[in-house]
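Asker: Using only what follows, build the 3D model:
(one chain, ligands or ions: 1)
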Amino acid sequence: MSSCSTKCGKKAVLKRPKTGDVLCKECFFEAFEIEIHFTITRAKLFKPGMTVAVAASGGKDSTVLAYVLKVLNERFDYGLKLVLLSIDEGITGYRDDSLDTVKRNRDDYGMPLKILSYKDLYGWTMDEIVAEIGRKNNCTFCGVFRRQALDRGAALLNVDCLATGHNADDIAETVLMNILRGDMARLTRCTSIITGHGDGIARVKPLKYSYEKEIVMYSYFKQLVYFSTECVFAPNAYRGHARVLLKDMEKIDPAVIMNIIHSGESLTVNEEVNLPSLTKCSRCSYVSSQTVCKACVLLEGLNRGLPKLGIGKSSKAKKMIAEQDKQKYECTNDKVTGDSTKCLCKNNVIENRTNDVTW
Ligand SMILES: Nc1ncnc2c1ncn2[C@@H]1O[C@H](COP(=O)(O)OP(=O)(O)OP(=O)(O)O)[C@@H](O)[C@H]1O
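Answerer: Numbers count the residues shown, from 1 in each chain. As a prediction, the model looks like this:
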C-alpha cells in the first residue's frame with residue numbers, strides 16, 4: 001500500500017471504508033476516535049460529573065464503545081464515571097460466553113460491572129421462553145425484555161444516562177426497516193442520538209456515525225477482546241432483509257449508509273399522521289405507548305401458559321389484562337424468585353429501589 005494520506009510519513013495499512021482515505025494505523029485510530037468525540041460534543045451527549053452506564057453485550061460494538069469512551073474521557077477530561085451494564089438473557093452457549101468477555105473488559109478497563117438476568121427480572125430465561133414459544137417469535141421476547149431490562153438496570157444503578165453501541169449500519173438498517181413497514185412513529189424516533197429524554201434515563205448512541213466495518217478494523221488493530229458469535233436462536237428475519245439490502249447498496253457506494261441516516265434525520269411527518277404518544281405502563285411504570293407495556297403483556301402470556309398472547313394483534317391480550325387488573329394484582333415473579341425487589345408489580349416500582357446496588 002502507498003504512504004498514509006495524512007502525509008505523516010508512515011506506510012498506509014488500510015483504506016477507510018467510510019471515506020476511502022488510505023491511512024496508517026495511528027492516523028486511523030486518531031480519525032476514528034476524533035469523529036466519535038465530535039459526535040459526542042456536537043450533540044452534547046454528556047455533562048461533567050455524569051455517571052454513564054455502557055450497555056455491554058461483549059460484542060464488537062459495545063466493546064469498542066466502552067474502550068473509546070474510556071480513552072476520550074481521559075484525553076478530553078469529560079469528567080464521567082463509566083460503568084458497565086450487562087443483561088444476561090439466559091441463552092446457553094451464547095450469552096454465558098459473551099459475559100465472560102465483558103468480565104474481562106471490566107478488569108482490563110477498570111470499570112465496575114453490573115449484570116442483571118432475565119431470570120431474576122422476569123422469572124424466565126430465554127432458553128425457557130424458546131422452549132415455550134419455539135424459534136419463530138423468540139426475538140420479540142428477547143428485544144422487548146432487553147429494552148426494559150436495560151432501563152431497569154440503569155435506574156437501579158442510579159446512572160445519568162445509558163450508552164449503547166448502535167452503529168451507523170444499525171441506524172441505516174432501522175431507517176430502511178421502518179420505511180418498509182410504514183412505521184412512522186419509529187421512523188421519526190430511530191435516528192435520534194438521544195432518546196428517552198424526559199421519560200426516564202436518557203439513552204445515547206455515540207457510535208451513531210461509525211461504520212461497522214471501521215469498528216471491526218479498530219478492534220482488530222487495537223487487539224480488543226470481544227465475542228463474535230451470532231445468537232444461537234433464529235435471527236430477526238425482517239431486519240436481516242434490510243441488512244442484506246444495505247450491504248448490497250454499500251458495495252455500490254459506501255456513502256449510502258450516511259445518506260440514509262441523513263435522510264432519516266431530515267424526515268418530517270405530516271401533521272395529519274396519528275403518532276402514539278409515550279406514557280407509563282400502568283403495571284410496571286416503565287415507558288410505554290400502551291396502557292400496559294409490551295413486556296408486561298408478553299410476561300403475562302408466559303405466566304398463563306399462553307406464550308403467543310402478546311404476539312401479533314393485541315386486542316385479546318389487552319382484554320385479558322384488563323380483566324386481571326380488575327382483581328388484585330398478584331406478583332408471579334415474587335413467587336418464582338422469592339424476592340419482592342425483583343417483581344414487576346406496580347406496587348413495587350423501581351424508584352423505591354435505586355439504592356439497592358452492590359458492585
Ligand atoms: N445483553 C446485553 N447486555 C447489555 N447491552 C446489550 C445487550 N445486548 C445488546 N446490548 C446493547 O445494545 C446494542 C445493540 O445491540 P445489538 O443486539 O444490535 O448488538 P450488536 O449490534 O451486535 O452490538 P454488539 O456488537 O455490542 O453486541 C449493543 O451494542 C449494546 O450496547
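
Asker: If you count neighbours, what's buried in stretch 247-258?
Answerer: 249-250, 254, 256-257 (16 or more other CB atoms under 10 Å). From N, CA and C alone the C-beta is placed, and that goes for glycine too.

Asker: and those as TSV, adding pLDDT and distance to I311?
Answerer: TSV is the format used below for the buried residues of stretch 247-258 (pLDDT from 0 to 100; distance: CB to CB, whole Å):
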residue	pLDDT	distance to I311
M249	95	31
E250	96	32
P254	96	37
V256	97	33
I257	97	31
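
Asker: Can you name the residue of the stretch 201-350 of the chain nearest to the ligand?
Answerer: For the stretch 201-350 of the chain and the ligand, the shortest gap (CB to the nearest ligand atom) falls at Y226, measuring 7.0 Å.

Asker: what about the residue nearest to that residue when sequence neighbours are not counted, which helix or strand?
Answerer: The shortest distance from Y226 to any non-neighbouring residue, by CB to CB, 6 or more residues apart in numbering, is to T63 (4.0 Å). Taking DSSP states H and E as the criterion, T63 maps to helix 60-75.

Asker: And the ligand, is that helix touching that?
Answerer: Yes: Helix 60-75 reaches the ligand (CB under 6 Å from any ligand atom) through 60-62.

Asker: And that helix, what's buried?
Answerer: Those would be 60-73, for helix 60-75 by 16+ other CB under 10 Å.

Asker: picking that back up, would you enumerate the residues in contact with the residue nearest to Y226?
Answerer: 56, 101, 105, 165, 219, 224-226 (CB atoms under 8 Å, 6 or more residues apart in numbering).

Asker: what do you get for G59?
Answerer: Contacts of G59 (CB under 8 Å, 6+ apart): 98, 165, 226-228.

Asker: Show me the contacts of T63 that map onto strands.
Answerer: Among those, none falls in strands (DSSP state E).

Asker: Please identify the residues of the stretch 101-250 of the chain in proximity to the ligand?
Answerer: So far as CB under 6 Å from any ligand atom goes, the stretch 101-250 of the chain lies against the ligand at 146, 164-166, 170.
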